[in-house]
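*Asks:* Turn this into a structure:
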Amino acid sequence: MDLTRMVIACNIPLAKVEQPEFINFFEKHCGKRIFQVTLTKCIKEECETICSKIKEQLKEKDILYKLTRRLIRKDGP
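*Replies:* Purely as a prediction, here's the structure:
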(Lines give C-alpha, C1' and ligand atoms only; values in the text may rest on other atoms or scores of the structure.)
Protein backbone atom coordinates (compact mmCIF):
# COMPACT_ATOMS: atom_id res chain seq x y z
CA MET A 1 0.00 0.00 0.00
CA ASP A 2 2.97 2.36 0.35
CA LEU A 3 3.35 2.47 -3.42
CA THR A 4 -0.36 3.13 -3.83
CA ARG A 5 -0.31 6.01 -1.36
CA MET A 6 2.82 7.45 -2.97
CA VAL A 7 1.25 7.35 -6.45
CA ILE A 8 -1.89 9.06 -5.14
CA ALA A 9 -0.06 11.66 -3.03
CA CYS A 10 2.37 12.55 -5.83
CA ASN A 11 -0.39 12.61 -8.44
CA ILE A 12 1.53 10.19 -10.66
CA PRO A 13 -0.51 9.19 -13.73
CA LEU A 14 -1.17 5.45 -13.88
CA ALA A 15 0.23 5.28 -17.39
CA LYS A 16 3.69 6.02 -15.95
CA VAL A 17 3.97 2.47 -14.61
CA GLU A 18 4.20 1.28 -18.22
CA GLN A 19 7.23 3.51 -18.94
CA PRO A 20 10.53 1.64 -19.41
CA GLU A 21 12.38 3.58 -16.67
CA PHE A 22 9.61 2.92 -14.16
CA ILE A 23 9.60 -0.77 -15.08
CA ASN A 24 13.40 -0.99 -14.80
CA PHE A 25 13.40 0.75 -11.42
CA PHE A 26 10.89 -1.67 -9.92
CA GLU A 27 12.51 -4.72 -11.42
CA LYS A 28 15.87 -3.61 -10.03
CA HIS A 29 14.72 -2.54 -6.54
CA CYS A 30 11.70 -4.77 -5.96
CA GLY A 31 12.55 -7.76 -8.08
CA LYS A 32 9.31 -7.58 -10.03
CA ARG A 33 7.28 -5.37 -12.32
CA ILE A 34 4.20 -3.44 -11.24
CA PHE A 35 1.38 -3.57 -13.79
CA GLN A 36 -1.10 -0.74 -14.30
CA VAL A 37 -4.08 -3.05 -13.71
CA THR A 38 -2.60 -4.12 -10.36
CA LEU A 39 -1.98 -0.55 -9.26
CA THR A 40 -5.49 0.45 -10.36
CA LYS A 41 -6.95 -2.33 -8.20
CA CYS A 42 -4.84 -1.23 -5.22
CA ILE A 43 -5.88 2.41 -5.65
CA LYS A 44 -9.55 1.37 -5.78
CA GLU A 45 -9.14 -0.65 -2.57
CA GLU A 46 -7.32 2.23 -0.85
CA CYS A 47 -10.07 4.66 -1.88
CA GLU A 48 -12.74 2.30 -0.55
CA THR A 49 -10.87 2.02 2.76
CA ILE A 50 -10.57 5.80 3.06
CA CYS A 51 -14.25 6.31 2.19
CA SER A 52 -15.28 3.74 4.81
CA LYS A 53 -13.21 5.52 7.46
CA ILE A 54 -14.74 8.88 6.53
CA LYS A 55 -18.27 7.44 6.63
CA GLU A 56 -17.57 5.92 10.05
CA GLN A 57 -16.27 9.22 11.40
CA LEU A 58 -19.27 11.11 10.03
CA LYS A 59 -21.81 8.48 11.01
CA GLU A 60 -23.07 10.25 14.12
CA LYS A 61 -22.51 13.80 12.93
CA ASP A 62 -25.29 15.99 11.67
CA ILE A 63 -23.42 17.28 8.62
CA LEU A 64 -26.48 18.79 6.96
CA TYR A 65 -27.28 20.80 10.09
CA LYS A 66 -23.73 22.18 10.32
CA LEU A 67 -23.57 22.97 6.62
CA THR A 68 -26.92 24.77 6.77
CA ARG A 69 -25.75 26.87 9.74
CA ARG A 70 -22.59 27.85 7.86
CA LEU A 71 -24.56 28.86 4.78
CA ILE A 72 -26.99 30.90 6.87
CA ARG A 73 -24.12 32.71 8.61
CA LYS A 74 -22.51 33.55 5.26
CA ASP A 75 -25.77 34.90 3.82
CA GLY A 76 -26.86 36.65 6.97
CA PRO A 77 -25.84 40.03 8.43
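*Asks:* ok, now which ones touch Ile43?
*Replies:* Residues in contact with Ile43 (C-beta atoms under 8 Å, 6 or more residues apart in numbering) are Thr4, Val7, Ile8, Leu14. Heads up, the C-betas are built off the backbone N, CA and C, glycines and all.
*Asks:* quick check: mean pLDDT across the host helix or strand of Arg70?
*Replies:* Using DSSP states H and E, Arg70 maps to helix 63-75. Averaged over helix 63-75, pLDDT sits at 69.
*Asks:* Now, of the contacts of Ile43, which are buried?
*Replies:* Thr4, Val7 (16 or more other C-beta atoms under 10 Å).
*Asks:* element containing the nearest residue to Ile12 once chain neighbours are set aside?
*Replies:* Distances taken as C-beta to C-beta, 6 or more residues apart in numbering place Met6 nearest to Ile12, at 7.6 Å, with adjacent residues excluded. Secondary structure from DSSP H and E places Met6 in helix 2-9.
*Asks:* so after that helix, what's the next helix or strand?
*Replies:* Later in the chain than helix 2-9, the nearest helix or strand by DSSP H and E is helix 20-30.
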